[in-house]
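Visitor: Sequence and computational prediction follow.
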Amino acid sequence: MSALRVCVAAIRREGRFFLQRRDPLAARFPALWELPGGKAEPGETPEAALRRELQEELGWAPERVAPLATVAHDYGAFRVELQVFLCEGPGTLHAPLAWGWFTPGEMARLPMPEANRGLPETLACAPR
Ligand SMILES: Nc1nc2c([nH]c(=O)n2[C@H]2C[C@H](O)[C@@H](COP(=O)(O)OP(=O)(O)OP(=O)(O)O)O2)c(=O)[nH]1
């Protein structure tokens with residue numbers, strides 16, 4: 001089975017990262033904390049998919065975007081390949097669900113999808 005290509009943003013401000021909580025009524029991963037982003041459409045580059053998702057989800061455009069890590073995970077029913085981009089820039093993020101800014105240490109104690117398990121460590125080591 002081919003993996004879903006999911007492009008996600010590690011938005012960083014003053015050493016903290018933005019996470020939003022999935023809808024408690026979502027069919028998959030209800031109420032878990034995740035990085036904003038989503039699936040790339042056919043023919044779309046990962047960075048273009050990320051920018052589109054950030055605009056759609058948060059009404060926000062990053063000033064700087066850099067590839068940070070790729071994480072593959074098999075959920076059994078489907079596989080994901082998370083492409084994580086470090087994103088920075090000013091401006092308000094208009095998040096419709098619960099959200100917050102977390103240090104990697106705080107993030108490690110939040111309930112997140114299994115694919116995200118190694119992310120706090122990766123984010124703690126992200127280039128300044
Ligand atoms: N946005 C995001 N998705 C993640 C993360 N970790 C993780 O396993 N995923 C999974 C959840 C989803 O199955 C998929 C992202 O798809 P999506 O954003 O386009 O769709 P979705 O969550 O609204 O809906 P779905 O999968 O339930 O159809 O990747 C993460 O940190 N951020």
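Guide: Good, I have the coordinates.
Visitor: Show me which residues of the chain sit near the ligand.
Guide: 4, 6, 8, 27-29, 34-35, 37-39, 80, 82, 113, 115-116 (Cβ under 6 Å from any ligand atom). In short, each C-beta sits where N, CA and C put it, glycine included.
Visitor: For burial, what's the neighbour tally of Ala95?
Guide: Residues lying near Ala95 (other Cβ atoms under 10 Å) number 17.
Visitor: er, His73 actually
Guide: Residues near His73, counting by other Cβ under 10 Å: 17.
Visitor: Identify the residue nearest Pro30 in space, chain neighbours excluded?
Guide: Pro24 (5.2 Å; Cβ to Cβ, 6 or more residues apart in numbering).
Visitor: Would you confirm that the one you found contacts Ala31?
Guide: Yes: applying Cβ atoms under 8 Å as the test, Pro24 and Ala31 come out as touching, 4.4 Å apart.
Visitor: Ramachandran coordinates for the residue most central in space within the chain?
Guide: By Cα atoms, centre = their mean, the chain has its centre lying nearest to Leu35, at 2.5 Å. Taking degrees, to the nearest 10, you get phi -80, psi 140 for the backbone angles of Leu35.
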